[in-house]
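In: Below are the sequence and a predicted model; questions follow.
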Amino acid sequence: DYSMENDRFRIEFDPATGYIVSLRDKRSGVEVFRGAAARPVVIEDKTDTWSHNVFHFNNTIGAFGAARVQLVEHGPVKSVIRITSRYGSSHLVQDFTMYRELDQIDVKATIDWREQFKMLKLVFPVNLIFTRQTYEQPYSFIEREHNGEEEPGQSWIDYSGIARENNKLYGVSLMNDSKYSYSIHNKEMAITMLRSPIYAHHDPLVPSETGHYSFIDQGIQTVHYSILPHEGNWETAGTVKRAAELNQRPVTVIETYHQGDLPQKDSFLSVDKDNVLVSVVKKSEDNDDLIVRAYETTRTGTRAVISLPKWNRTIEADFGPCEIKTFRIPKDAGQPVTETNLIEW
């Protein structure tokens, strides 16, 4: 009930708290966290809806405590340990999934939140020194200081540096599907799961103690996040692609068998380089041409081939570091593919 292990990692949970007490990378010989991780911390938050002029949230007033730690699935593909915890009138269920053949830990967090004037963060104390902190932003990334300030990010952040045990270059990426605010302080990486200020409250108005108000983020909500420990840096770990996979899951259609021409395995589009991602495939704004947009993710100049077998088209292009390119594919197969811009002129 309290640990899982595959060829790459061993993860252990404290049966009293439900926190991660060890995540060991067996191949690299690295203990990823230096203390209790995936720790649900409750912070006082009496700011307005937009937290005007507030840069730090650090007045910790409590934490969720585990009511139960239980192995709920164990099979040839994956195992799942469920952590059920409680704070005040709120409940948190986290399903930690370890796969037989994948080197990431996936977590489904379901929160029934009933608190007011409070914030919930998940905290991960990372066991690294000489670090750099990277946050995703649209079509790119930005490196920031680890000064505890609340910072915006999109589907991933990464904390990389030197492992304390063996001086190896190492890091951990934290990816998620719906939360976009983070903080890093004292080597603790945290993701802000929710806040509960008054709905549409704006400073300098002071709420009345006898007033009737609606509070945001109340009720049941679900967040998927993934922990990706990695050797080297996030560029070589494939963090951007992993985050895209988490956020753009395949749609499954149940169908009976019947006659047809489709093969058992097929694709609408493929790219021959992992560091080039296609972000847009759509019809043109002004006709039936196809628009394809792609970008380089790891600041590495790359020549990539984008194949669209259903249209019998191939795009070959040179991408500069972090370059975005947009292509117009005419409906008339006799016309060449051309490079255009974001507004398709």
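Out: Nice, thanks for sending it over.

In: number of nearby residues for residue 19?
Out: Here the number of neighbours of residue 19 (other Cβ atoms under 10 Å) works out to 22. C-beta here means a position set from N, CA and C on the backbone, and glycine is covered the same way.

In: Phi first, then psi, for the residue nearest to it when sequence neighbours are not counted.
Out: Counting by Cβ to Cβ, 6 or more residues apart in numbering, the nearest residue to residue 19 once its immediate chain neighbours are dropped is residue 36, at 3.9 Å. Backbone torsions of residue 36, given as degrees, to the nearest 10, read phi -60, psi 130.

In: got a list of what residue 36 touches?
Out: By Cβ atoms under 8 Å, 6 or more residues apart in numbering, the contact set of residue 36 is 14, 17, 19, 20, 21, 125.

In: Narrow the residues you listed to just the buried residues.
Out: Buried by 16 or more other Cβ atoms under 10 Å: 17, 19, 20, 21, 125, out of the contacts of residue 36.

In: Tell me the spacing between residue 143 and residue 234.
Out: With the distance defined as Cβ to Cβ, to the nearest Å, residue 143 ends up 11 Å from residue 234.

In: So for those two, which residues contact both of them?
Out: Common neighbours of residue 143 and residue 234 (Cβ under 8 Å, 6+ apart) are residue 134.

In: Among those two, which residue is more densely surrounded?
Out: When residue 143 and residue 234 are compared for neighbours, residue 234 comes out ahead with 26 against 9, by other Cβ under 10 Å.

In: Am I right that the more buried one is in contact with residue 158?
Out: Yes - counting by Cβ atoms under 8 Å, residue 158 is a contact partner of residue 234 at 3.9 Å.

In: what residues are shared contacts of the two?
Out: Residues touching both residue 234 and residue 158 (Cβ under 8 Å, 6+ apart) are 134, 171, 173.

In: any chance you could map the strands in the stretch 201-345 of the chain?
Out: Using DSSP state E, counting those that start in this stretch, the strands of the stretch 201-345 of the chain run over 219-231, 270-271, 276-283, 290-296, 302-308, 313-319, 324-329, 338-340.

In: Name every strand pairing with whichever helix or strand residue 119 is part of and say which way it goes.
Out: With elements taken from DSSP states H and E, the one containing residue 119 is strand 118-125. In the sheet, strand 118-125 lines up against strand 39-44 (antiparallel), strand 188-195 (antiparallel) (DSSP bridges).

In: With only the CA atoms kept, save that strand in CSV.
Out: Extracted as CSV, the C-alpha positions of strand 118-125 are listed here (Å, rounded to 0.1, in the frame of the first residue of the first chain):
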residue,chain,number,x,y,z
LYS,A,118,-7.5,30.3,1.7
MET,A,119,-5.2,28.9,-1.0
LEU,A,120,-4.1,25.4,-1.7
LYS,A,121,-0.6,24.6,-3.0
LEU,A,122,1.2,21.3,-3.7
VAL,A,123,4.8,21.6,-2.6
PHE,A,124,7.8,19.6,-3.9
PRO,A,125,11.2,20.2,-2.2
